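# Sequence first, predicted coordinates after that:
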Amino acid sequence: MKNWKRSSLLGLEDLSKAEIMTILETAESFISQKSNRISEGSLLKGYRIINLFMEPSTRTRVAFEIAAKSLGADVISITGEASSLTKGESLKDTALNVQALGADAIVIRHSSPGSPLLLSKIVDVPVINAGDGAHEHPSQGLLDIFTLRQKLGDVKGKKVTILGDILFSRVARSNLFGLLTLGAQVTLAGPSTLVPLEFEELGAKVTHNLQEALTDADAVMLLRIQHERQSATHFPSLSEYSKMFGLNKSVLDFMKKDASILHPGPINRGVEIESSIADSDKSLILDQVSNGIAVRMAILYLCSNVRKKI
Amino acid sequence: MKNWKRSSLLGLEDLSKAEIMTILETAESFISQKSNRISEGSLLKGYRIINLFMEPSTRTRVAFEIAAKSLGADVISITGEASSLTKGESLKDTALNVQALGADAIVIRHSSPGSPLLLSKIVDVPVINAGDGAHEHPSQGLLDIFTLRQKLGDVKGKKVTILGDILFSRVARSNLFGLLTLGAQVTLAGPSTLVPLEFEELGAKVTHNLQEALTDADAVMLLRIQHERQSATHFPSLSEYSKMFGLNKSVLDFMKKDASILHPGPINRGVEIESSIADSDKSLILDQVSNGIAVRMAILYLCSNVRKKI
Amino acid sequence: MKNWKRSSLLGLEDLSKAEIMTILETAESFISQKSNRISEGSLLKGYRIINLFMEPSTRTRVAFEIAAKSLGADVISITGEASSLTKGESLKDTALNVQALGADAIVIRHSSPGSPLLLSKIVDVPVINAGDGAHEHPSQGLLDIFTLRQKLGDVKGKKVTILGDILFSRVARSNLFGLLTLGAQVTLAGPSTLVPLEFEELGAKVTHNLQEALTDADAVMLLRIQHERQSATHFPSLSEYSKMFGLNKSVLDFMKKDASILHPGPINRGVEIESSIADSDKSLILDQVSNGIAVRMAILYLCSNVRKKI
């Protein structure tokens, strides 16, 4: 692939426009071939992909498993902090062991920002970041952008609002980097405690006013309110959040008629989004899930191919 | 398959005799081809089957995994109520997400009766009920009937006694429906608190007398005493149950010499069945386990083929 | 394979030199074919291997999974004592059920010494011991010996020291049996509470003096200090152990320059081994992990082939 030279995908912050487009176009090719699953199933035949999920996750892990199997690879998922693979062991030792098991690629989720980067310096095989603390979640960012482009076409100049708990969100960060690189205008919105003005330095507009955030938006990306993680100081109450920043019918009044709504799931119906809106044709939520398979297939395929050539 | 038009299997209550026979004959064909596993392994090649087990289960889940893999399908098992796939999510949202992940069929176990039916109305792909509360467990019923027919031939007119905790048993219900449809005479037996007379309305004979239950029986299906679930009001004590309704050597005296014994496992040796009887040649318990693979292959194959034609 | 007639691998105690060499040479052939993973992938195509891990394990289970998949087999892993497969069930019933599920081979880890032997008497399919209490861990012993031979060549006459908690170590026992059979001179070393003199009856030298243990050694096999399992009576404190028996730079002074260091992992850096030594070129620790795949492929392949011929 002429525009893809990386054997690891650690985040979207460093990717060029051409690189992002290469992933999206490769994913597109997998979707258009959907009727022909069996031929895809030989692209990574004989490959051994190890999912190293050291933070709980079902959705992302399952999506990577399906993506790898769809390419014909063998997948081994190692989950749980309590895993004896990692007991009393540094991340470095775990990484070296996983490589010694013959991994052809490692997909890692870890609570520490930067752990995929660390891994990629230790092992010789592709490292795919499946979420590292509050840093990045590049496959989620890419599938969100892929889904946006399916609806809006080129996102250049389009207005995209990311709404919610921006402060600790790796999803927001990956989307922000990717969208800005593709030329979108990004607004970050939410309570001032969760969306500090400092984020403007990254190139986005910041607002704490919902109407201002939504009026011109071509698309709104909601983030899941992780109420189990919120500390009292940042976050007053679910019902207060819902009243001030939840997407409900009265909010629709000041949104564009054809604005799209995205959400990484699982959605809290009645909290960040009203049930009827989640089920309306504005919602691209299930498209995101579907596209997540093709996007992850593209990531695994591109990174594995770079390595093969070495 | 001329007699099979369903893309989902929700229970045995609604199946016609022809439909049940189609499943059993398809399973039979898988068993007779047993020597040729590799050719079976292409029947569902490229299929993606998602096991959604929202209630603990090892046996049934593993059997469905083996059945799916034996047909060449990719299997993804999602287990546990605590799964982040389902955290704070309705069953409907979970179902839509699983479909969006590209499932070609969903095998579901859930504690709520009717949840597979609900799912089948939401998603477009085959839904296989792997046990829904106290409602039905059709694959277990079918494998039991398959095993009975291996031993007895046609079950029409044969006398089958189901013995134990009928009240809350999905296994008993699925067997009852299937056996009656095939023309067997079914007796439900056990303590009066667990086997109410009202069950006669379903077409079975009810008795609380063990000798009466067993004297004429061609086969006895035991149910596992789930002592951890029994409430004090329905169930006095294990030893009392064992004395009154356990299968022991003295009970054999008033059973037919060639009567067969079935049990869905795991057996409580010394409670519902004496150890030596479980190991005798009367016992079809391990045949049930083996046949469970072929029967589940048949279910997955038939339902998937109906969908393909659409 | 002319020198291999066993369908089960229960331990190294009973294996002849020719048998051990057959496994090691078969493993060697898998490693030299490493570039051609796809052709290996048809050797056990259509096989169903069931991993029955009734004691927690990630490393060994994952290695067996990878080995089985690399040979093209389907693998089903059943883990956890709480598994409903085994609830209220004897090991015998579990084994019969796993066989009835159509297992072509069973890999078992169990806390009770002798349980793989028991299993092998109950079922007709190959049983591979993946660790049974303090008895044996033959695949670990074989991969250790394989790794030693890669470095030292023929181990006949070579001096190998096993250092640590010998008393309860199945790894030590399997290595001892295998190494003695191949003609190595084995020294068992560690605190007197963990390395009783009685072990000399097995054919090894016993010493509680570190310098004596290491001076002539061509290789040192460390054992993991399982501090969470040690009872106070056998084991004073981690720091005391580390000071007296840990491998640190000052210890290197009285070791042979080209002595090798092995460890079954995960290593406790700073306890049984100093970090810089673990990362030095003396260390064969990651080779052990890699070789573990090929050795387990050899075990699965050889035992399965014997059964096929029956």
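Noted; the coordinates are in hand.
# and the residue in the stretch 1-150 of chain A positioned nearest to chain C, what does it touch?
Per Cβ to the nearest Cβ, A:Ala100 is where the stretch 1-150 of chain A lies closest to chain C, at 3.6 Å. Where you see a C-beta, it was placed from the backbone N, CA and C, and this is true even at glycine. Residues near A:Ala100 by Cβ atoms under 8 Å, 6 or more residues apart in numbering or on different chains: C:286-287, C:289-290.
# Now tabulate these in JSON lines and tack on distance to chain A and pLDDT.
Putting the contacts of A:Ala100 into JSON lines (distance: Cβ to the nearest Cβ, whole Å; pLDDT from 0 to 100) gives the following:
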{"residue": "C:Leu286", "distance to chain A": "4", "pLDDT": "97"}
{"residue": "C:Asp287", "distance to chain A": "8", "pLDDT": "98"}
{"residue": "C:Val289", "distance to chain A": "4", "pLDDT": "97"}
{"residue": "C:Ser290", "distance to chain A": "5", "pLDDT": "96"}
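# I'd like the next helix or strand past the helix or strand bottoming out on mean pLDDT in chain A.
Lowest on mean pLDDT, DSSP states H and E among the helices and strands of chain A sits helix A:37-40, with a mean of 70. Sequence-wise, the next helix or strand downstream of helix A:37-40 (DSSP states H and E) is strand A:48-53.
# which helices and strands does that next one pack with?
helix A:59-70, strand A:74-79, helix A:91-100, strand A:105-110, helix C:59-70 (3 or more Cβ pairs under 8 Å, 6 or more residues apart in numbering or on different chains; DSSP states H and E).
# in which helix or strand would I find the closest residue in space to the residue of the stretch 1-150 of chain A closest to chain C that isn't next to it in sequence?
Closest residue to A:Ala100 apart from its sequence neighbours, by Cβ to Cβ, 6 or more residues apart in numbering or on different chains: C:Val289 at 3.6 Å. In this structure, C:Val289 sits in helix C:285-309 according to DSSP H and E.
# want to throw the helices and strands packed on strand A:48-53 into CSV with mean pLDDT and distance to A:Glu28?
Formatted as CSV, the helices and strands packed on strand A:48-53 follow (pLDDT from 0 to 100; distance: least, Cβ to Cβ, whole Å):
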stretch, mean pLDDT, distance to A:Glu28
helix A:59-70, 96, 15
strand A:74-79, 92, 23
helix A:91-100, 93, 31
strand A:105-110, 97, 22
helix C:59-70, 96, 30
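# looking at the ones you listed, which is buried most?
Stretch with highest mean neighbour count among the helices and strands packed on strand A:48-53: strand A:105-110 (a mean of 26; mean count of other Cβ atoms under 10 Å in any protein chain shown).
# partners of that one in the sheet?
Strand A:105-110 has the following sheet partners, assigned by DSSP bridges: strand A:48-53 (parallel), strand A:127-132 (parallel).
# Now the element after that strand, going C-ward?
Past strand A:105-110, the next helix or strand by DSSP H and E is helix A:115-122.
# Could I get the CA-only coordinates of that following helix as PDB?
Extracted C-alpha coordinates of helix A:115-122, given in PDB (Å, rounded to 0.1, in the frame of the first residue of the first chain):
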ATOM      1  CA  SER A 115       1.900   1.600  27.000                       C
ATOM      2  CA  PRO A 116       1.400   0.700  23.300                       C
ATOM      3  CA  LEU A 117       4.300   3.000  22.400                       C
ATOM      4  CA  LEU A 118       6.500   1.300  25.000                       C
ATOM      5  CA  LEU A 119       5.500  -2.100  23.600                       C
ATOM      6  CA  SER A 120       6.300  -1.100  20.100                       C
ATOM      7  CA  LYS A 121       9.800  -0.200  21.100                       C
ATOM      8  CA  ILE A 122      10.300  -3.600  22.800                       C
END
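# Residues contacting it, please?
In contact with helix A:115-122 (Cβ under 8 Å, 6+ apart) are residues A:8, A:10, A:91-92, A:95-96, A:99, A:106, A:108, A:110, A:127-129, A:132-133.
# go with 7 Å
Outside helix A:115-122, the residues that touch it by Cβ atoms under 7 Å, 6 or more residues apart in numbering or on different chains are A:8, A:10, A:91-92, A:95-96, A:106, A:108, A:127, A:129, A:132.
# Over to stretch A:195-204?
For stretch A:195-204, the surrounding residues in contact (Cβ under 7 Å, 6+ apart) are A:166-167, A:176, A:180, A:186-189, A:206, A:208.
# So what's the residue count around the residue nearest to A:Gln226 when sequence neighbours are not counted?
Closest residue to A:Gln226 apart from its sequence neighbours, by Cβ to Cβ, 6+ apart: A:Asp165 at 6.8 Å. Residue neighbour count, defined by other Cβ atoms under 10 Å in any protein chain shown, stands at 25 for A:Asp165.
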